[in-house]
Every structure is written in C-alpha cells, then in structure tokens.
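Chemist: quick one, structure for this:
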Amino acid sequence: MGQGIILFPQSLATPDVIVRYMAFIFVAACGAIQIGAALGGINGLLFVRSKRLAILVGALLLLSGFAWFFVWYFTDPTRRPRGLEGNEQTILFALSAAAALAFTVVTASLTTLAQRLYQGLPVVRRSVRGYRADKTEGLDALKDASFIDIVFERIPSARQ
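Modeler: Numbers count the residues shown, from 1 in each chain. Below you'll find the model as predicted:
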C-alpha cells in the first residue's frame, strides 16, 4: 500500500497532494462564500464592506485557488501525482469547506470589529438594526449583523 496520512492510512495519494487539495478547496471555498454573500446581501460574512470589492476578492480567491492547484498538478516535472479517490476527496472537501466557513465567520467578525475600533464606535453593537434575536434565524441574521453581534445579542447579560 501507499504512504498515507492517519486519516487515510491506505491512501495511494501522497501527503503533498492531500495538503495541496485541502488548501485549494479552502481558498476556493472562501472565494465562493464571498461571492455568494455579496450577491445574497449577507453583509455579516463579507471580508470587505463594498459588495463589488467583495465579489472581486471572491473571484480572485476562487480563480487563484483553481489556477494554483491545477497548474501544479499538471506541470509537476518530477512525477505524475496520483489523484484522490472518491471517498478521500469527499471527506477532504467537506473538512476544507467547513474550515473555510469558520475562517470566513471569524475573519468577517474581526474586520467588523477593527472597522468599529478605527471609527471610534462601540466594539459590539447593543442593538442591531432590524435584528431581533427572537425572530431572525439562520443566514438572515447575518444580513445586517456580524456573527459577534448576533452572539452578544443572544446573551441576556450582554444586552444590558
């Protein structure tokens, strides 16, 4: 059998292929999330406040992820790297996309906090415009608030 990593001990793909695939999916998923959030008006997931700039950043991330991975994969002069099997690819895709979503939520919240500090505004809004913790659920809650706003809005002691 081939050299595998602990997640896939019987994998025929090299660890280099696995790590590069996960990085490719992470970067591309971050770009896709930025494009989707900008087009869907989900401002709480945007890295930048301008929707046009968010679409541009998302497209650059998406395209650069694809270009980086496939240029490396098809032009490796030393060997022809073996691809991933279906179950490996599915699991690695899910893990990388989940990591990209978590990274996006944290980064969007941190950029919102940094922007507020720069403008001299309170770090956490006590009242989110158009947001009611008891009525707004799911992604709709992120339309006009960052994740950190929603977390603090839902904590009873933070509302006082």
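
Chemist: mind checking which helix or strand of this structure has the lowest mean pLDDT?
Modeler: In the chain, no helix or strand scores lower on mean pLDDT, DSSP states H and E than helix 147-154, which sits at a mean of 79.

Chemist: summarise which helices and strands it is packed against.
Modeler: When contacts are defined as 3 or more Cβ pairs under 8 Å, 6 or more residues apart in numbering; DSSP states H and E, helix 147-154 packs onto helix 86-119. In this view, the C-beta of every residue, glycine as well, is placed from N, C-alpha and C.

Chemist: if I pick the residue nearest in space to the middle of the chain, what's in contact with it?
Modeler: Central residue of the chain (Cα atoms, centre = their mean): residue 100, 2.9 Å from the mean position. Applying Cβ atoms under 8 Å, 6 or more residues apart in numbering to residue 100 gives the contacts 25, 26, 27, 29, 30, 33.

Chemist: measure the second one to residue 62 for me?
Modeler: Translated: residue 26. Counting by Cβ to Cβ, to the nearest Å, the separation of residue 26 from residue 62 is 12 Å.

Chemist: now do the buried residues in the least confident helix or strand of the chain.
Modeler: In terms of neighbour count (16 or more other Cβ atoms under 10 Å), helix 147-154 has its buried residues at 147, 148, 149, 150, 152, 153.

Chemist: thought the first one was touching residue 105?
Modeler: Yes - counting by Cβ atoms under 8 Å, residue 105 is a contact partner of residue 147 at 4.9 Å.

Chemist: give me the neighbour count for residue 85.
Modeler: 13 (other Cβ atoms under 10 Å).

Chemist: my error: substitute residue 42 in the last question.
Modeler: By other Cβ under 10 Å, 18 other residues sit near residue 42.
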